[in-house]
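Undergrad: model this:
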Amino acid sequence: MRRYEVDVPIHHATDQDRRGHHVFTGRAAGEREALAAAHSAYDRAVQHVSAGRPAPDDSSNGWAVHGLRTDWVLDWHKATTKAWVNPNSLI
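TA: I've put the predicted structure just below:
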């Protein structure tokens, strides 16, 4: 399986001018599977944090969420997915 990058635009829940991207990476059979895996990892992390537990750190398949901020909204309908390129190979 190939490694993919899923870039999801984000904005602050109460201040729409505060924007950014949350980047997920992991292995998947294709772009559609990568997007689904990133979304699933995010949903799982939100469920844990909402229940007062730490976000799961099971990154065995690469799809884990770090730096979760519940006051930010992910715009999944604007997410882009592409094959991940190791930035270290540019050196």
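Undergrad: from Leu35, how far out is the residue nearest the centre of the chain?
TA: Centroid check for the chain by Cα atoms, centre = their mean gives Phe24 as the closest residue, at 3.5 Å. Separation of Phe24 from Leu35 (Cβ to Cβ, to the nearest Å): 9 Å. (Each C-beta comes from the backbone N, C-alpha and C, glycine too.)
Undergrad: low-confidence ranges in the chain?
TA: The chain contains residues with pLDDT under 70 at 58-61, 89-91.
Undergrad: and with 50 instead?
TA: By pLDDT under 50, the weakly predicted segments of the chain are 91.
Undergrad: how about the strands in it?
TA: Using DSSP state E, the strands of the chain run over residues 2-12, 19-28, 72-74, 80-83.
Undergrad: thinking again about what came up before, need the residues touching each of Phe24 and Leu35.
TA: Contact criterion Cβ atoms under 8 Å, 6 or more residues apart in numbering; residues shared by Phe24 and Leu35: Val6.
Undergrad: give me the number of neighbouring residues for the closest residue to Thr70 other than its chain neighbours.
TA: Nearest in space to Thr70, with sequence neighbours left out and distances taken as Cβ to Cβ, 6 or more residues apart in numbering, is Val49 at 6.3 Å. Val49 is flanked by 16 other residues according to other Cβ atoms under 10 Å.
Undergrad: distance of Val49 relative to Tyr42?
TA: If you go by Cβ to Cβ, the gap between Val49 and Tyr42 works out to 11 Å.
Undergrad: joint contacts of those two?
TA: In contact with both Val49 and Tyr42: Leu68, using Cβ under 8 Å, 6+ apart.
Undergrad: related to what we said a few turns ago, run through the bridge partners of the residue nearest to the centre of the chain.
TA: Beta-bridge partners recorded for Phe24 (DSSP bridges): Val6.
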